[in-house]
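Undergrad: Provide a 3D model corresponding to the input given below.
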Amino acid sequence: MNEETGTAMKLGVNIDHVATLRQARYAHDPGSHNAEPRLLPAAHAVEDAGADSITVHLRLDRRHIQDRDVFELREGIRTKLNLEMGNSPEILAVALEAVPDYVCLVPENRREITTEGGLNVANADTSLERTVRTLQDRGILVSLFVDPEPQQIAASAGIGADMVELHTGAFANAAPEGGDEELRLLVEAARAAHGEGLQVNAGHGINLRNLPKLLAVPRLAELNVGHHLVARSVFAGLAATVAEFKAAMSGGGV
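TA: Predicted coordinates:
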């Protein structure tokens, strides 16, 4: 519960790494009937568990999520679809066709393993504002993934974003033992963003260990969490899966 707003904080679940596992074997044909794990059942499982939205990042290099995944999820999920994307005409065209509920614009570097920092909105060229307007004209709410810095918050409001997603990576790497200064920056950024009329979301590196400390950040409307949940599910769900398979084997063999 967000004590300042009196509303329940929402959870968006990023399922990119379900696709990462699929691509490890089926990168040549991710649409094959035999390709697994499939994204839509994964999305339904997290929705059934209480997720409020599904997040996927369609990267230019298509390292995990594919175009067809975006459209399948758009048609098949029961909650909201949040599409993370870089500011590129190629991915913008997919977004405008699929029409997710939200788009979160993020920086993108082909050499990075995961998103390494926030957008430099304050020094962005005019194409970023054009992309924001184009998406909004299609009825899509737009979030900007930014570091918790005053100039980035002000610039995000200045180009007309609906939301910001505060980059929590520096905090997550330091917490729970440390991270007090990083937490202070997040608190100040959240208050500034709310003052600018922006919805305040947060994401990157959030897990069960640092979450309690992060909850001191005011005005948070939604957290977006992915890697931790997928990684934890390997242990929380693997034993049950093997037991189920072993039971199924009892019907055959000698």
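Undergrad: I figured residue 38 hits residue 22, correct?
TA: Yes - when contacts are counted by Cβ atoms under 8 Å, residue 38 is listed as touching residue 22 (7.5 Å). For the C-beta atoms, the positions are set from N, CA and C on the backbone; glycine is no exception.
Undergrad: so which of those two has more stuff around it?
TA: residue 22 (22 against 15; other Cβ atoms under 10 Å).
Undergrad: residue 28 is in contact with that one, correct?
TA: No - the pair residue 22 / residue 28 is not scored as a contact, 11.4 Å apart, by Cβ under 8 Å.
Undergrad: how about the helices in this protein?
TA: 16-26, 39-48, 67-76, 89-98, 126-137, 150-158, 169-174, 180-195, 211-214, 227-249 (DSSP state H).
Undergrad: give me the residues contacting the longest one.
TA: Residues outside helix 227-249 that contact it (Cβ atoms under 8 Å, 6 or more residues apart in numbering) are 13-15, 17-18, 46, 114, 205-208.
Undergrad: from these, which has minimum pLDDT?
TA: Ranked by pLDDT, these bottom out at residue 114 (62).
Undergrad: contacts only, for residue 225.
TA: Residues near residue 225 by Cβ under 8 Å, 6+ apart: 11-14, 203, 206-207.
Undergrad: hmm, try it at 7 Å
TA: By Cβ atoms under 7 Å, 6 or more residues apart in numbering, residue 225 lies in contact with 11, 13-14, 203, 206.
Undergrad: out of the residues you listed, who's nearest residue 107?
TA: Nearest to residue 107 among the contacts of residue 225 is residue 203, at 13.8 Å by Cβ to Cβ.
Undergrad: how many neighbours does the closest residue to the closest one other than its chain neighbours have?
TA: Leaving aside its sequence neighbours, residue 203 sits nearest to residue 224 (Cβ to Cβ, 6 or more residues apart in numbering; 3.5 Å). Residue 224 has 23 neighbouring residues, counting by other Cβ under 10 Å.
Undergrad: who wins for most neighbours among the contacts of residue 225?
TA: Greatest neighbour count in those, by other Cβ under 10 Å, goes to residue 203: 26 neighbours.
Undergrad: bridge partners for it, pull those for me.
TA: Beta-bridge pairing for residue 203 (DSSP bridges): residue 167, residue 224.
Undergrad: so where's the stretch 1-150 of the chain shaky on pLDDT?
TA: In the predicted model of the stretch 1-150 of the chain, residues 1-6, 110-116 satisfy pLDDT under 70.
Undergrad: let's see it at 90
TA: 1-8, 31, 108-117 (pLDDT under 90).
Undergrad: same question, the stretch 151-254 of the chain
TA: Filtered on pLDDT under 90, the stretch 151-254 of the chain yields the residue ranges 236-254.
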